[in-house]
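Q: Next one to model:
(chains A and B)
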Amino acid sequence: MPWFTFDLNNFVVSFLGVLFEGVPFLLLGSIISGFVDVFVSPERMARLLPGRGIGSVFLSGLLGLIFPMCECGSVIVIRRFIRKGLPLSAAVTYMLASPIVSPIVAVSTFAAFQRQGPWVMTGLRLVLGYFLAVGAGLVARRAKPESILLPSMLGQTTARRRSGLTVATAPTQEFSDLAASSSVSKKLLLAVQSATADFLDVAFFLIIGAVIASVFNTAVRQEVILPLAANAPLAIGSMMILRFLLAICSTTDAFIAASFATFPSAAKLAFLVFGPLFDFKLLFLYGVIFRRRLVFLFGIVMFILVGLICWRIGIILGPAFEGAPHPLLR
Amino acid sequence: MMNKIFSRWLPCATLAAWSSVLLYFYFSGRIHAFLIPSFRPYVLLAGLVMGVMAMVFLIFPADANCCSAAECGHGLSRIVAGKVLTFLILLVPVTAAAMRSTDSFGKDTVLNRVEITDVSTLRSPAAQKNMPPAPVDLPLPTNGNSSTASAVPASTTTAASAPAPAANAQPAPPQDYLQRTPDGRIVAEVLDLLYAAQDNALRKDFEGKPVELIGQLMPDTTNNPNGTRFKAVRMFMTCCAADARPVAALVEGQSAPKLPEMTWVKVTGTATFPIENGRRIAVLKADKVEKCNPPEETMLY
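A: So this is what the prediction gives:
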């Protein structure tokens, strides 16, 4: 057989399988995000954070459990937070942790890895994501804001500060104005509107991801991939690069990762942890807030760090990490 | 006008189309070919919720842009070309795939993903590399609450109705849980025979017994010196069709049937478990091989 044989029927079956599995969870995430967007103002959310101590960094890493946010949304939200004077370290930690340390991601990861060691995979993803985000937040705490932020952000960061957050006057934004002044029934409508916008935007990336994963799964000869999948460092590196290129949402990426049956769990974990921290779309989104050189440096450091940690975890846990597909094999 | 199309009618149409696809696949039963049972209710729920959201867009006009306009994260919604592209990608692949799908993989996928004839290879290659070699015969269960039934794949036909025994109960006789045809043949799935080859207790329920099995016919090119063997193949999925892998039981008859590859066949014969090349395998000695319709659940899980 040649290394690449495309069959439309096989592709379609695989494509629909990924979509049917992922869409309900994507919808759930979008609805929660829509309701948070309308019913929880950034000001109220930021008030929950403690002052400027180390504690705020550790706590910020857990905020995603109450206010889940996808990686695209979290970048946008923390830009608003930083402009309102939120400590940079806390904002960075929330931005990096919330796309991973969230109930939606936990549920979708657990569901996607059923019969593939769901508890271990979900736990490791959340714990690793949390500590990497906190680590980045602590580094940001030590650094000078001007070495991290773009000048346009810097001016507004230093302008308003208090212990925790300076609540600025409400921004003149059509949607947030409407949300704040609307009745509950009107807010429900706005929440549906916001959830739909989120859903359609992220479903676009799920479809692209499902197309690539299905071509990979049905057209590429698996014997060609096996040497790559059987070599842990190569498998981990290639899965992280793939996740960077796919740039899919953290709420649904577990379904893509789980479909790569030939790859080891350590590589899938690297896919799941690295992606929400740094991928192709985040490369550009981070550039809206942070200095470009720092963004590239962050990506390289995370690639190496996540790769090494996942490789080590794979060695330590060994076969136990792979998750038996059937009770007889457990 | 243009803005209204993008902010109201296209989202409404997209949600309605997706809702229709999800609900159609659920209620027509076609979803069975794509998802394991535990995921199917989510498809129904998502279809209903999307339908409601589409109705909301239909009845109530949008008052604002998609979200906080000045800091909108929905990048593709900012320019007309991006909006058109977004909606085309959201609508066309899903509806086209739903109309085009035959709901089953073809021969290329079976060949590409390499049939599994030994259940221990259901693990990923990386996991297998770290596993000790499996013994030819697995030991019998030693504790009181282990039973034949507990070792049978939970989803396969023969085990589906197997009750979990109490901790101090005697294992139920095989007749209590094995599904049989009116003429007394055991209705087995491919996985039943593969697991039986690995498990002494389970093997006793099948070895030398008359068995009926449904699968897709594929030639056996590796273990077929006399040309009398073929494979009965089923796809086994862990979560969804994308991760499905073919599992195959060997069938041995007077000669290989003259039917096209991937034809659904019903095989009646006797289950045997010879040791070949140092490992115990399942071989169904066929009395009769006949073409049949696909089963209601084409996938195993």
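
Q: Tell me the residues on the stretch 201-330 of chain A that lie near chain B, please.
A: Contacts of the stretch 201-330 of chain A with chain B, taken as Cβ under 8 Å from any Cβ of the partner chain, map to A:201, A:203-204, A:207-208, A:211, A:213-214, A:217-218, A:221-223, A:226, A:229-230, A:232, A:235, A:255, A:258-259, A:261-267, A:285, A:318-319, A:322, A:324-329. Every residue, glycine included, has its C-beta placed from N, CA and C.

Q: do the stretch 1-150 of chain A as well
A: The interface of the stretch 1-150 of chain A toward chain B, taken as Cβ under 8 Å from any Cβ, is made up of A:1, A:5, A:7-10, A:12-21, A:23-25, A:27, A:31, A:37, A:72-73, A:75-76, A:79-80, A:111-112, A:114-116.

Q: List the contacts of B:P260.
A: B:L217 (Cβ atoms under 8 Å, 6 or more residues apart in numbering or on different chains).

Q: So which of the residues of the stretch 201-330 of chain A next to chain B are in strands?
A: Counting by DSSP state E, none of the members of these fall within strands.

Q: Buried only: go through those residues for me.
A: In terms of neighbour count (16 or more other Cβ atoms under 10 Å in any protein chain shown), the buried residues within these are A:201, A:203-204, A:207, A:211, A:213-214, A:217-218, A:221-222, A:229-230, A:232, A:235, A:255, A:258-259, A:261-267, A:285, A:319, A:322, A:324-326, A:328-329.

Q: Looking at those, which are in helices?
A: A:201, A:203-204, A:207, A:211, A:213-214, A:217-218, A:222, A:229-230, A:232, A:235, A:255, A:258, A:265-267, A:285, A:319, A:322 (DSSP state H).

Q: Specify the local secondary structure of B:E212.
A: strand (DSSP: H, G, I helix; E, B strand; the rest coil).

Q: surely it meets B:K266?
A: Yes. The criterion here is Cβ atoms under 8 Å, and B:E212 meets it with B:K266 at 6.6 Å.

Q: need the next SSE after the host helix or strand of A:T109, C-terminal direction.
A: A:T109 belongs to helix A:103-112 when assigned by DSSP states H and E. Where DSSP H and E defines the elements, the next helix or strand beyond helix A:103-112 is helix A:118-142.

Q: For A:V120, which non-adjacent residue is closest in space?
A: With Cβ to Cβ, 6 or more residues apart in numbering or on different chains as the criterion, A:V120 has its nearest non-adjacent residue at 6.2 Å, and that residue is A:F321.

Q: Now do the same contact list for the one you found.
A: Shown in contact with A:F321 (Cβ under 8 Å, 6+ apart): A:117, A:120, A:264-266, A:313-314.

Q: give me the element A:S30 is part of.
A: helix A:8-39.

Q: Make CSV from the contacts of A:F321 and add pLDDT to it.
A: Shown next, in CSV, are these (pLDDT from 0 to 100):
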residue, pLDDT
A:G117, 85
A:V120, 92
A:P264, 90
A:S265, 92
A:A266, 93
A:I313, 93
A:G314, 91
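
Q: With respect to chain B, which of these is nearest?
A: Within those, the smallest distance to chain B is 3.2 Å, found for A:P264 (Cβ to the nearest Cβ).

Q: And the closest one, how close does it get to A:L242?
A: Remark: distance between A:P264 and A:L242 (Cβ to Cβ, to the nearest Å) = 14 Å.

Q: Good, wrapping up.
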